[in-house]
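# what shape does this take:
(one chain, ligands or ions: 1)
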Amino acid sequence: LTILLVSCQEDVYPTDNEQLSHEEQIVIRFSHVVGENTPKGMAALKFAELVKERSNGYIEVQVFPNGVLYKDGEELNALLRGDIQMIAPAISKITTLVPEWSVMDLPYAFQNADEVHTYVESHVGQTLMTKLNAHNLWPMGVWDSGFKQLSNSIRPIKTVQDLQGLRVRIMPSDILAEQFSIVGAYPKRIDFNTVFHQLQKGNVDGQENTLTNITSKNLYSLQDYLTISNHGYLGYLLLMNHEFWNSLPKDVQTLLIETLEEVQEWEWQLAEDLTAERLDEMEACDCIQIHRLSNKDMEEWASTFDPVYRYYADNYGKKYIEALPKNQS
Ligand code: LMR
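Numbering: from 1, shown residues only. Next up is the predicted model:
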């Protein structure tokens, strides 16, 4: 009987082992550069919480905010190497790999976030998504930060001419560089996590960013003037390492896709709400002079930026521009 038991146990053992290895936790390290009190920061945490709950702890998304694990300029390479599994960089930062994505940086390309979402879903948007696969990137959606505003410490910016001579921090994107060069400003590519320091040292006079980023990093405390220009979209591509994605069991992939779909909807609304809240707070704080461009001003600004569109068309192709909502009849 003892012998029988032992042999039974031996039979059973491999199965137990299989189950053990199946139940080994899947860890997804998700690194990003902004604070936890921003749309991206909050959505990353919500995603982690829902995934943990829905997988009974089997999948753990570990979120590293504020560039603590990998800095702004490092996270994409860390993902490509497989050191982390997920990032959500600003789309502008993907343009060094896939420059066609800089269509999203074109000034006044979109009037609101709905237009952005429709564009991303369109045939041309999906072509842009597919281009990421060649770089071992697996795109899983788009999150909003919102529309960028301009702040600086030299003068109120009311007309495009007021930008002349200003040294302005930008994200690494040729289109953003063009946007400032053609109006006589000096764009400087600077890592997000050092913008505060660079403004403080006076190495740049101003910067462009969304209100949640400007407030979360306290940039407005160093600046005297803010222009509500809504001149460009800032959003994120949710990216996984493609090889890692392919290694995941089907049911895990389904859980992640479904959860991200839900979180994406939630994040879009959150970005809109937080942006409105931050603007109210800045208006109430009386700590920075705020100028709002009128619709007519924005039309004028937009036409000044026409050469940036030509630059894009010459370098990356017309079709991405032709598919923009403003070029659809
Ligand atoms: C920036 O560099 O300004 C942004 O990409 C930061 C962010 O991720 O929102």
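# rest of the way, CA atoms for contacts and neighbours
Will do.
# R278 against I214, yeah?
No: contact criterion Cα atoms under 8 Å: R278 and I214 do not qualify, at 9.2 Å.
# the top helix by length along the chain and the ligand in contact?
In terms of residue count, the longest helix belonging to the chain (DSSP state H) is helix 250-285. No: using Cα under 6 Å from any ligand atom, we find that helix 250-285 stays clear of the ligand, coming within 11.3 Å at best.
# quickly find the element holding Y70.
Under DSSP states H and E, no helix or strand contains Y70.
# spatially nearest residue to it (excluding sequence neighbours)?
Closest residue to Y70 apart from its sequence neighbours, by Cα to Cα, 6 or more residues apart in numbering: S31 at 6.8 Å.
# one step back: after the longest helix of the chain, which helix or strand is next? Please name it.
By DSSP H and E, the next helix or strand past helix 250-285 is strand 289-292.
# partner strands of that next one, parallel or antiparallel?
Sheet pairing here is set by DSSP bridges, and for strand 289-292 it gives strand 225-228 (parallel).
# returning to that earlier point: the longest helix of the chain - contacts with which helices or strands?
With contacts taken as 3 or more Cα pairs under 8 Å, 6 or more residues apart in numbering; DSSP states H and E, helix 250-285 sits against helix 39-54, strand 137-147, helix 211-216.
# which stretches in this protein count as strands?
Ranges of strands within the chain are 26-31, 59-64, 86-87, 137-147, 149-152, 167-170, 186-189, 206-209, 225-228, 233-241, 289-292, based on DSSP state E.
# pLDDT on the fourth one, on average?
In this model, strand 137-147 has an average pLDDT of 98.
# so what touches that strand?
Residues from elsewhere that reach strand 137-147, judged by Cα atoms under 8 Å, 6 or more residues apart in numbering: 39-40, 80, 113, 117, 129, 132-133, 209-212, 230-242, 245, 257, 260-261, 264, 267-268, 271-272, 275.
# show the buried residues in these.
39-40, 80, 113, 117, 129, 132, 209-212, 230-242, 245, 260, 264, 267-268, 271-272, 275 (16 or more other Cα atoms under 10 Å).
# coming back round to it: for the longest helix of the chain, buried residues please.
For helix 250-285, using 16+ other Cα under 10 Å, the buried residues are 252, 256, 259-260, 263-264, 267-268, 270-272, 274-275, 278-279, 282.
# for those residues, work out which two are farthest apart.
The largest separation in these, counting by Cα to Cα, is between V252 and M282 at 42.4 Å.
# flag every residue of the stretch 101-250 of the chain that's near the ligand.
Near the ligand, when you scan the stretch 101-250 of the chain using Cα under 6 Å from any ligand atom, you find 171, 192, 209.
# which one of those residues sits closest to L163?
Distance ranking of these against L163, using Cα to Cα, places N209 first at 15.3 Å.
# so what's the residue count around the closest residue to that closest one other than its chain neighbours?
In this structure, N209 finds its nearest non-sequential neighbour in K148, 4.5 Å apart by Cα to Cα, 6+ apart. For K148, the neighbour count with other Cα atoms under 10 Å is 23.
# right, and K148 touches Q207 too?
No: in this structure, K148 is not within contact of Q207 by Cα under 8 Å, at 9.5 Å.
# looking at the stretch 101-250 of the chain, which residue is nearest the ligand?
The nearest approach of the stretch 101-250 of the chain to the ligand comes at F192, 4.1 Å away (Cα to the nearest ligand atom).
# list phi and psi for the nearest residue to F244 once chain neighbours are set aside.
Nearest in space to F244, with sequence neighbours left out and distances taken as Cα to Cα, 6+ apart, is Q85 at 6.9 Å. Here is the backbone geometry of Q85 (degrees, to the nearest 10): phi -110, psi -20.
# for T127, grab the count of nearby residues.
That count, for T127 with other Cα under 10 Å as the rule, works out to 14.
# for it, report the pLDDT, please.
So T127 comes in at 97 (pLDDT).
# and D11, by the same measure?
At D11, the model reports a pLDDT of 35.
# same question, T159
98.
# with D251 instead?
At D251, the model reports a pLDDT of 96.
# quick one, what contacts it?
Contacts for D251 were tallied using Cα under 8 Å, 6+ apart; there are none.
# repeat that for 10 Å
By Cα atoms under 10 Å, 6 or more residues apart in numbering, the contact list for D251 reads I257.
# what's the nearest residue to the most centrally placed residue in the chain if we skip its chain neighbours?
Closest residue to the average C-alpha location of the chain: Y236 at 2.3 Å, with Cα atoms, centre = their mean. Closest residue to Y236 apart from its sequence neighbours, by Cα to Cα, 6+ apart: A90 at 4.4 Å.
# so what's the residue count around that neighbour?
Using other Cα under 10 Å, A90 is surrounded by 23 other residues.
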